[in-house]
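# Got a predicted structure here, sequence first:
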Amino acid sequence: MTTADPIASATLARLYLTQGHGARARAILDEVLARDPYDGDALALRARLTIRPRLSAAVEDDALTLRWQGVTSPDDVHLVVCVLGGDARIPRRWITSRPCTSAFGRHHLPLPWARGVLVAALGRVDARGFAPQVVAEPLGWG
């Protein structure tokens, strides 16, 4: 597509998407936004196409299950989990991390206590440390 393509529009990008041509739709949106960076339809559609990592946590069969999706470059991303719980007299904490192995996946952890709270994040690890990308909604049980 040339930069002067007169039919490039958010509508054309939607048509490509319905036909399963995501890369072509993104190219059309890039053209539209190069011409008009404030085109609301194109901006909204591009935001929907942007892959953002997601992370969720649940209690399943006496285990904590964390699920992630949309992780780009999973070799550089770690799952970090913090669990707080125990009984009222002796609150405890348990922190663990593991590298992601794929863009989509899940990890099971044993339920450490009958009552607790879990907070988890996905983030990149580099020379400067941990940079969170997404945080799961806190999970409480018991």
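On my side now, so go ahead.
# which stretches of the chain have low pLDDT?
Applying pLDDT under 70 to the chain flags residues 1-4.
# Distance of the spatially most central residue of it relative to P91?
Centroid check for the chain by Cα atoms, centre = their mean gives P53 as the closest residue, at 1.3 Å. Computed as Cβ to Cβ, to the nearest Å, the P53 to P91 distance reads 30 Å. (Glycine included, C-beta is placed from N, CA and C.)
# Flag every buried residue along the longest helix seen in the chain.
Scanning the chain for the longest helix, with DSSP state H as the assignment, gives helix 22-35. Residues of helix 22-35 classed as buried under the neighbour-count rule (16 or more other Cβ atoms under 10 Å) are R24, A25, R26, A27, I28, L29, D30, E31, V32, L33.
# how about the residues you listed in JSON lines, adding distance to P74?
Listed next are these as JSON lines, based on distance: Cβ to Cβ, whole Å:
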{"residue": "R24", "distance to P74": "26"}
{"residue": "A25", "distance to P74": "25"}
{"residue": "R26", "distance to P74": "22"}
{"residue": "A27", "distance to P74": "26"}
{"residue": "I28", "distance to P74": "29"}
{"residue": "L29", "distance to P74": "26"}
{"residue": "D30", "distance to P74": "26"}
{"residue": "E31", "distance to P74": "31"}
{"residue": "V32", "distance to P74": "31"}
{"residue": "L33", "distance to P74": "29"}
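# nearest to S97, of these?
Nearest to S97 among these, counting by Cβ to Cβ, is R26 at 33.1 Å.
# Is there a neighbour count for the nearest residue to the closest one once chain neighbours are set aside? I'd like the number.
Spatial nearest neighbour of R26, chain neighbours left out: L49 (6.2 Å); criterion: Cβ to Cβ, 6 or more residues apart in numbering. Neighbour count of L49, defined by other Cβ atoms under 10 Å: 13.
# and if you look at V71?
Around V71 there are 25 residues (other Cβ under 10 Å).
# Got phi/psi on it?
When read as degrees, to the nearest 10, the backbone of V71 gives phi -80, psi 120.
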